[in-house]
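Colleague: Whatever this is, show me its structure:
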Amino acid sequence: MTRPSFTEALATRPWLLADGATGTNYFQMGLVSGDAPEMWNFEHPDRGRSLRRRFIEAGADIVLTNTFGGNPHRLKLHNAQGQVREINIAAAKLARAEADAVGRPVYVGGSVGPTGEIMQPVGALSHDEAVKAFAEQALALKEGGGDGIWIETMSSEGEPRAAVEGASQAGLPIVTTMSFDTNGRTMMGITPKAFGALTAALPAQPVAIGANCGVGASELVATVLGISESRPDAAVVAKGNCGIPQYVDGHIHYTGTPELMADYARIALDAGAKIIGGCCGTSPEHLASMRKSLESYTKGSRPSIELIEQKLGPVSELAKGVDAAAAGAARRERRRGN
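Modeller: You can find the predicted model right below:
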């Protein structure tokens, strides 16, 4: 089988289905809170392969590696900062083996998460140090067989710039997403439209940009509207959480059903997403429902906020595009009972 490249598939396919959660599924498979999921690439490779196999069987076109915290700064928390290359190569090989075992193109995205450090001038991490860390990880993911570098869950302006610069040393296509989890903004205050402008100015251009994680499917789709409006030329990623997390019987449970995630997939496509997947709480069962939903659907018009709220749940005022002053005034009026 002659397999088109990831960028060719992105250019010619109406949509690509990315996988679901790594962490929350690993917890169900025995991962203990506080342990590094990345060490499972050595300790439990069978479980890592099993999860990716189940995602592929559910219809995933893209599976991510178990390397979200695979940079030296995050691995230092587990005294594994000297194993960056080995961990990332092992993870990419596990995903590559499952991707190559099926009779259709499946692509391996090398997951690159934040360093966990605050960058200068607020924090201690310099731009050059961050670039070096991201480059080390990206080069190892390429060596293990990755098709692209998947930078995700970023929140500041400086870190995605450093991540893209470092990842570009691997010479693979780059995807980069931020997590808009604070009333329509990232933790550091970046809006979806500002993210679009930020990525447009990068010297090394990602092949896709978007949002992951956040506060459920409805907010994620509202974010996609903002990104696609800012960058109508870009392939946009929607990788939202499976509903809202709730603490039930000592465990985190996500409220999203397969039916909700099927609606989310279609509405995300209408909102402008080209790559659609799930983040926290998204199981292979959810993903199978999303695949079935997309395969039987023709892209429609851009959804309104009202439709998003009707189908997926509430959207915060700032995520709707309301300015901060107006949102604050509305909250004060509600508190007065007017």
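Colleague: Sort out which residues of stretch 97-112 are buried, please.
Modeller: Using 16 or more other C-beta atoms under 10 Å as the test for burial, stretch 97-112 gives 97-99, 105-112. Every residue, glycine included, has its C-beta placed from N, CA and C.
Colleague: Narrow those to those in helices?
Modeller: Under the assignment DSSP state H, those contribute 97-99 to helices.
Colleague: Thr12: how many residues sit nearby?
Modeller: Number of residues near Thr12 (other C-beta atoms under 10 Å) recorded here: 8.
Colleague: That one and Ser293, how far apart?
Modeller: Distance, Thr12 to Ser293, using C-beta to C-beta, to the nearest Å: 21 Å.
Colleague: And Met261, by the same measure?
Modeller: 8 Å.
Colleague: Repeat that for Pro192.
Modeller: For Pro192, the distance to Ser293 - C-beta to C-beta - is 24 Å.
Colleague: Please apply the same query to Gly59.
Modeller: Taken as C-beta to C-beta, the span from Gly59 to Ser293 is 10 Å.
Colleague: can you check Ser126 too?
Modeller: 45 Å.
Colleague: Give me the more crowded residue out of these two.
Modeller: Taking other C-beta under 10 Å, Ser126 and Ser293 do not tie; Ser293 has more neighbours (19 against 15).
Colleague: what sits against that one?
Modeller: Each residue near Ser293 by C-beta atoms under 8 Å, 6 or more residues apart in numbering is listed here: 262-263, 265-266.
Colleague: and it, what helix or strand is that in?
Modeller: According to DSSP states H and E, Ser293 maps onto helix 284-295.
Colleague: quick revisit: pick out the one among the contacts of Ser293 with the largest number of neighbours.
Modeller: Going by other C-beta under 10 Å, Ala265 tops the contacts of Ser293 with 29 neighbours.
Colleague: Near the closest residue to it other than its chain neighbours, how many residues? Count them for me, please.
Modeller: Closest residue in space to Ala265, ignoring its immediate chain neighbours: Met290 at 4.1 Å, by C-beta to C-beta, 6 or more residues apart in numbering. Met290: 28 surrounding residues under other C-beta under 10 Å.
Colleague: tell me the contacts of Met290?
Modeller: By C-beta under 8 Å, 6+ apart, the neighbours of Met290 are 17, 59, 261-262, 264-265, 276-278.
Colleague: Pro4 too?
Modeller: Pro4 neighbours (C-beta under 8 Å, 6+ apart): 12, 105.
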